[in-house]
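Novice: got a predicted structure plus its sequence, pasted below:
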Amino acid sequence: MRADHPLLRYADRFFAHQPFRTLKGMVGGYIGYPIAEKQEKRSVTPKVQELERHYQLPMRERRAIATARLRDMLEFAGAKVPYYRDLFRELNFDPARIAAEPARLQELPYLTKNIIREQGDRLLSRPLSELRHHACKTGGSTGLACTVFYDEEAADYSSAVTRYARRRIGKRSYRSELHFACRFPDAVVPQWPSREDFKCFVNNRSNIFFDRIDDVGLEEIWQTLLLRRPFLVHAHPSTIYALACYIERKQGTGSAFQVFESSGELLEPHMRNVIGRVLQCQVIDRYGLAELGVMAYEVDGHEGGFKIFESEGWAESRLVSDNPDGAHELVFTGFRNRLMPLIRYATGDLAKVEERRDGFFLTNVVGRIHDVVPINGVAHPTHHIQDMLDHRVGGIQEFQIDLRTSPPTLRVVLEPWANADATKGKLRAFWGEGFQVAFVGHDDFIRVGSRAKFRHVVTA
């Protein structure tokens, strides 16, 4: 049957009520998830248990483990990855000395998105054709987009970290979660059940598909939340902040979920305050990136600090010389991905790494900020536009929207193989005359701020 069949809508409403909601979650989490792991040849649950044991250790032992993992990854990369093999030889760098002197890591240059794009396969330890792998494209909000490839082990650890972190804040398998996702206007209603349906069932997850955050779109979101009553909502903070402002204007306060997990953008203090007060929920921040997965999380709540998962990577922060505020850029060396090791990867995000008695923490975080763009009189979040360009238009390396013109100007850098006329035709099909379209080169983008930082949306 089709996924929009009335019977499925009735089932949705039925399982929204207790005790059926909890019963469904227990069957999916404790029976369905192990079956899915076996079918997909994944190994996530043992890694969650490994993380639980690891973070029960005292910090002294955990730091020693992190140092050993750093040495092991450097030795592996120097032996198996052409880019690092040449780099280490050129610098006369000996990875074995890192265990005794971790500060020697600073002898290596930073890895950037530009280097990843330029080096390509030379950053791989094995040809992609030889093993199962996962491709993750970066969003491009802190530089030109690039693709990072994960091996199966690294992908499993990435999933395990997310599950572990959510357990720390009380999100057990029987408690439901809800994710916000882009709604595509040309999407075909799928048949039920699909692979995605089974994935949602075993993870006790559902999705809200949206494409607008004006009053009409926000009311639709709110009614869906009231129906499903998830324990945890995962979304961009700008979207939930817009929802909180709408609910405050409409009815003062409202409660539809217990935890909001923010990611993908900077969670600003005023957003946190409004979301927590109006939507009457706990607000949890996390830091993750396509290149490495989730690397920091408020596992002990906001008061407990923004804790770095030192089991997954070595964190540094470097002073940004041309920033008048003395900001630091976040740098990571990943421990898990042996297909494409990232050593001293400069994320482009601003944050400082602080070592405390009980772990490493992020402070002074200034992350990626997404904007709202009006198209034909309707407010659209930037990440929705980005999803449309990536998954429906295609052939686009990068884009920027200039709101200083009317209508806004959409600047597009095409892939070498893409056709300008065909791309413009797709853009017109989705958004009509909502944009002036300009095909440009990367140098034609407008840069903002003291660091000439790239932003998807230009307002001044």
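Specialist: Structure received.

Novice: in a helix, F332, correct?
Specialist: No - the assignment for F332 (DSSP: H, G, I helix; E, B strand; the rest coil) gives strand, which keeps it out of a helix.

Novice: show me what contacts it?
Specialist: Shown in contact with F332 (CB atoms under 8 Å, 6 or more residues apart in numbering): 292, 295, 313-316, 342, 345, 347. In short, each C-beta sits where N, CA and C put it, glycine included.

Novice: name the nearest of those residues relative to T333.
Specialist: Within the contacts of F332, proximity to T333 (CB to CB) peaks at W314, which comes in at 4.2 Å.

Novice: what separation do you get for the closest residue to that closest one other than its chain neighbours and G313?
Specialist: Spatial nearest neighbour of W314, excluding adjacent residues (CB to CB, 6 or more residues apart in numbering): T333 at 4.2 Å. Counting by CB to CB, to the nearest Å, the gap from T333 to G313 is 6 Å.

Novice: repeat for A77
Specialist: Distance of A77 to G313, computed by CB to CB: 13 Å.

Novice: contacts for stretch 314-321?
Specialist: By CB under 8 Å, 6+ apart, stretch 314-321 touches 66, 69-70, 102, 105, 110, 295, 308, 326-333, 335, 344, 346, 350-353, 360, 362, 451.

Novice: let's see it as PDB, backbone CA atoms only.
Specialist: Output of stretch 314-321 as PDB, limited to C-alpha atoms (Å, rounded to 0.1, in the frame of the first residue of the first chain):
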ATOM      1  CA  TRP A 314      42.200  14.300  19.500                       C
ATOM      2  CA  ALA A 315      40.900  17.900  19.900                       C
ATOM      3  CA  GLU A 316      42.900  21.100  19.500                       C
ATOM      4  CA  SER A 317      42.100  24.700  19.000                       C
ATOM      5  CA  ARG A 318      44.300  27.200  17.300                       C
ATOM      6  CA  LEU A 319      44.300  31.000  17.800                       C
ATOM      7  CA  VAL A 320      42.900  32.800  14.700                       C
ATOM      8  CA  SER A 321      45.500  35.400  14.100                       C
END
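
Novice: for that stretch, what is the distance to the chain centroid?
Specialist: 21 Å (CA atoms, centre = their mean, to the nearest Å).

Novice: list the buried residues in that stretch.
Specialist: By neighbour count with 16 or more other CB atoms under 10 Å, stretch 314-321 contains the buried residues 314-317.

Novice: repeat for stretch 266-282
Specialist: By neighbour count on 16+ other CB under 10 Å, the buried set for stretch 266-282 is 266-268, 271-272, 274-275, 278-279, 281-282.

Novice: can you give me the helices for the stretch 251-400 of the chain?
Specialist: Along the stretch 251-400 of the chain, counting by DSSP state H, counting those that start in this stretch, helices occupy 269-279, 382-388.

Novice: revised request: answer the last question for the stretch 1-150 of the chain.
Specialist: The residue ranges that make up the helices of the stretch 1-150 of the chain, judged by DSSP H, counting those that start in this stretch, are 6-14, 20-27, 33-40, 45-54, 59-80, 82-91, 113-119.

Novice: could you redo the ones you listed as a markdown table and give each row mean neighbour count?
Specialist: Below are the helices of the stretch 1-150 of the chain laid out as a markdown table (neighbours: other CB atoms under 10 Å):
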| stretch | mean neighbour count |
| --- | --- |
| helix 6-14 | 11 |
| helix 20-27 | 17 |
| helix 33-40 | 14 |
| helix 45-54 | 15 |
| helix 59-80 | 17 |
| helix 82-91 | 15 |
| helix 113-119 | 16 |
